[in-house]
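1. pasted the sequence and its predicted model underneath.
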Amino acid sequence: MTETAVADTTRATVERFLAARSSADTAALTALFADEVDWQLAANPVVPWIKPRRTAAECAAQFDDLMAHVVPEDARAEIDTFLVEGVDAVLFGHVAGRVRATGKTFEGPFALRLTVENGRITRHHLYENSVSIAQACVR
């Protein structure tokens, strides 16, 4: 497969991932993640949706966990940059939300690195403003 074809597959897979996230399609997300995923998101014991994940089902469930703890109509993720090179994609943007239990808001920039191999996401590394999110979760 040519480098262009690999990048096209990566971009198409990430676009399907974003569409599944935005439509809350857990089954589609589960199908997009590899059986085992290199998942990285800074552990934070006060944030209930941030926890270690490894399997496709665990990774896909992160969106459901997030939506169970935030006010859906206040949850936003805006992407302003989407870069693809080979099997890797990097997205930069801004995330914001309101925690249901406390009513407090969080916001900040994020960077998401995804790796796609054989049409499935094998790496999901998310870097975000975890301090703001943790503060919003504490009463």
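-> Arrived safely. What you see is a predicted model; the values in this text were computed from it and never measured. Numbers count the residues shown, from 1 in each chain.
2. where are the low-confidence patches of this structure?
-> For the chain, no stretch is flagged by pLDDT under 70.
3. residues in a beta bridge with His125, which ones?
-> Gln40, Arg113 (DSSP bridges).
4. what's the neighbour count on it?
-> By the criterion of other Cβ atoms under 10 Å, His125 has 14 neighbours. For every residue, glycine as well, the C-beta is placed using N, CA and C.
5. ok, it - contacts?
-> For His125, the contacting residues are 38-41, 112-114, by Cβ atoms under 8 Å, 6 or more residues apart in numbering.
6. how about Val70?
-> Neighbours of Val70 in contact, by Cβ under 8 Å, 6+ apart: 97-100.
7. filter those to the buried ones?
-> Buried by 16 or more other Cβ atoms under 10 Å: 97-99, out of the contacts of Val70.
8. counting neighbours, what do you get for Thr115?
-> Neighbour count of Thr115, defined by other Cβ under 10 Å: 18.
9. show me the strands in the protein, by range?
-> Assigned by DSSP state E, the strands in the chain fall at 33-41, 76-85, 88-98, 105-117, 120-128.
10. list of residues touching the fourth one?
-> Strand 105-117 is touched from outside by 9-10, 13-14, 17, 34, 38, 74, 77, 87-99, 121-129, 132-133, 135-136, with contacts defined as Cβ under 8 Å, 6+ apart.
11. ok, Gln135 touching Lys104?
-> Yes: counting by Cβ atoms under 8 Å, Lys104 is a contact partner of Gln135 at 7.0 Å.
12. fine by me, thanks again.
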